[in-house]
Structure formats: structure tokens, C-alpha cells
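Peer 1: just to be clear, the model below is a prediction. Sequence and coordinates:
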Amino acid sequence: MTKPIKGKGLINITNHLDENEKTAQLAEALATAYGANPAAAREIGDAAAIHDIGKCKIPGHILNSPNRLTPAEFEILKTHTILGAEILADLRGHFGKMAREMCEFHHEKFNGKGYWGRYAGQLPYYVSIAAISDVYVALTSERPYKQAWPHHKAMEYIKNQSGRQFCPMLVDIFVSVMADISKEGNAFGKK
Ligand SMILES: [Fe+2]
């Protein structure tokens, strides 16, 4: 499903990728840098592409709200994680397990202060990869309630979350992968 992230020839393609595909490409690149072999990295990218599938069960007025969500609305939004894992209940094997864990835990944080307060410091590496990819793509994309952040501002945010929202080792890998991508002129390398 995912395509290689690097290379100037992909600029026009990657500019038009939807957010799930961007997340998938980034996750695959991070998994490769983490040491996964090409097939495993591809699987991580493919699973990351569907980490937010549970959002299809969240009412549009919450998903697309231009305003800060009320506490009650936020509680509903949080359930997209569990709903996603339920939707993928029949996916078998390692891919199914990985995809369900990405759905359920991609809003967990390294410091344990995520949606459900689970897995502090012990998130499976592929979930952490999906989470950091998701955050970068979300920050650099437009939302009803915000403009797209420029690349440098998103990088600043992610570096600042090292040891808080994200595992420090993964942040280091992320920074180095993004530096490589920027050098090669990929669409993700917006300055
Ligand atoms: Fe999410």
C-alpha cells in the first residue's frame, strides 16, 4: 500500500497524498530507521494507515468541530481508539495484532498521560512509530480549528515532547529521518 518516501520524483505525488497515506509513509521510513527489515517496515506503514479507522464511528459534528470540544464531546472522540480496534477484530496474525494495538493505543504517551493512561514508557515500538507519525501529519495539516503548522514548528513541538509524549530514542530517530527527507526534497520537508 505504501510507497517509498524518499526521492525528488515523488514530490508531486506526495503533495497530494491524504493524511493516512502520509502517516503510512512516515511510519514505514521510521520503522526502517529503527531497524525493521523492508517487509516488516512495510507492514508497520500499512497498519499505521488505518490507525484512525475508528473515527468513522465518531459523529461528524465532533470530528469537524471548529471549536474546542466540550469534555463530553472529548470523551466521545477518545473512543475512536477502542472502536478502531473493534472494527479490526477479525484481522488475523501479527498484522492484525499490530493494527489493533495502533488503533487502541496511538494516543498513549510515553509519560503515561495519554487517553487511557496505559503503557507508560512501554508502548510497543510500532505503536510509538504510528503515534509520532500521526502527530506530525496532524500538526502539518489544516483542521477546522487550526491552520497547518509549518514543518519547523511541528519539529519544535515533537522535540519538546521528547520524554513526555514520545520516547526520546524515537524522537532522535524521527529528527534524523526528517533531516534526510528534507535533504532529498520530499513534500514532507516543508520549511
Ligand atoms: Fe487518533
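Peer 2: Great, that's in hand.

Peer 1: who touches Ser162 in this structure?
Peer 2: Pro168, Val171, Asp172 (C-beta atoms under 8 Å, 6 or more residues apart in numbering). Yep, even glycine has a C-beta here, placed from its N, CA and C like the rest.

Peer 1: Phe95: how many residues sit nearby?
Peer 2: If you count neighbours by other C-beta atoms under 10 Å, Phe95 ends up with 14.

Peer 1: how about the nearest residue to it, chain neighbours excluded?
Peer 2: Taking C-beta to C-beta, 6 or more residues apart in numbering as the measure, Phe95 lies nearest to Glu43, with 5.6 Å between them; neighbours along the chain are not counted.

Peer 1: circling back: most neighbours out of the contacts of Ser162, which is it?
Peer 2: Top of the contacts of Ser162 by neighbour count (other C-beta under 10 Å): Val171, with 22 neighbours.

Peer 1: leaving out chain neighbours, which residue sits closest to that residue?
Peer 2: With C-beta to C-beta, 6+ apart as the criterion, Val171 has its nearest non-adjacent residue at 4.0 Å, and that residue is Ser162.

Peer 1: gap between that neighbour and Arg92?
Peer 2: 35 Å (C-beta to C-beta, to the nearest Å).

Peer 1: low-confidence regions, the protein specifically.
Peer 2: For the chain, the stretches with pLDDT under 70 are 1-17, 120, 183-191.

Peer 1: do a quick rundown of the helices in it.
Peer 2: For the chain, applying DSSP state H gives helices covering 11-15, 19-34, 38-48, 60-63, 71-78, 80-87, 93-105, 125-139, 151-160, 168-183.
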